[in-house]
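Chemist: Just to be clear, the model below is a prediction. Sequence and coordinates:
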Amino acid sequence: SLRGNNISDEGASSIAEALEINDTITLIDLKLNNISDEGASSIAEALKVNKTITRIYLGINQISARGASSIAEALKINKTVTEISLNGNQISDKGASSIAE
């Protein structure tokens, strides 16, 4: 778990790079960090190619509707993620609608 480690967009981008080639980790917990839309977009790009992550926790960060939309687009491609948590962000109705699609 990387929960509560003051990880910013830069750290999220590094983690995303690792996730792109990961073939063993199934859970990523980035709750309680300082990840915003840029970091969420990096994670989303990794999810487009990652085939092992099944659960991702991004709660209590700084993600808005834009970041939620990036994640939603990735989930249209990714077929392994079965659980995602975005609680405690600022995704608003627009972001929630993107995820629901």
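Modeler: Now that the structure is in, tell me what you want to look at.
Chemist: any low-confidence regions in this protein?
Modeler: Along the chain, no part satisfies pLDDT under 70.
Chemist: which ones are touching residue 37?
Modeler: If you count contacts by Cβ atoms under 8 Å, 6 or more residues apart in numbering, residue 37 has them with 62, 63, 64, 66, 67, 70. No exception for glycine: its C-beta is placed from N, CA and C like everyone else's.
Chemist: again, only this time at 7 Å
Modeler: Shown in contact with residue 37 (Cβ atoms under 7 Å, 6 or more residues apart in numbering): 63, 64, 66, 67.
Chemist: Show me the helices in the protein, by range?
Modeler: Secondary structure of the chain by DSSP state H: the helices cover 9-21, 37-49, 65-77, 92-100.
Chemist: what's the most buried one of those helices?
Modeler: Among those, the stretch with the highest mean neighbour count (mean count of other Cβ atoms under 10 Å) is helix 37-49, at a mean of 22.
Chemist: how close does residue 29 get to residue 73?
Modeler: Distance, residue 29 to residue 73, using Cβ to Cβ, to the nearest Å: 22 Å.
Chemist: hang on, the earlier thing: I'd like the contacts of residue 37 laid out as CSV, including distance to residue 85.
Modeler: CSV is the format used below for these (distance: Cβ to Cβ, whole Å):
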residue, distance to residue 85
63, 11
64, 16
66, 18
67, 14
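Chemist: Show me the two of those that sit farthest apart.
Modeler: Using Cβ to Cβ, the contacts of residue 37 span at most 8.3 Å, a distance reached by 63 and 66.
Chemist: Tell me the spacing between residue 48 and residue 6.
Modeler: Distance of residue 48 to residue 6, computed by Cβ to Cβ: 27 Å.
Chemist: repeat for residue 27
Modeler: According to Cβ to Cβ, residue 27 stands 20 Å off from residue 6.
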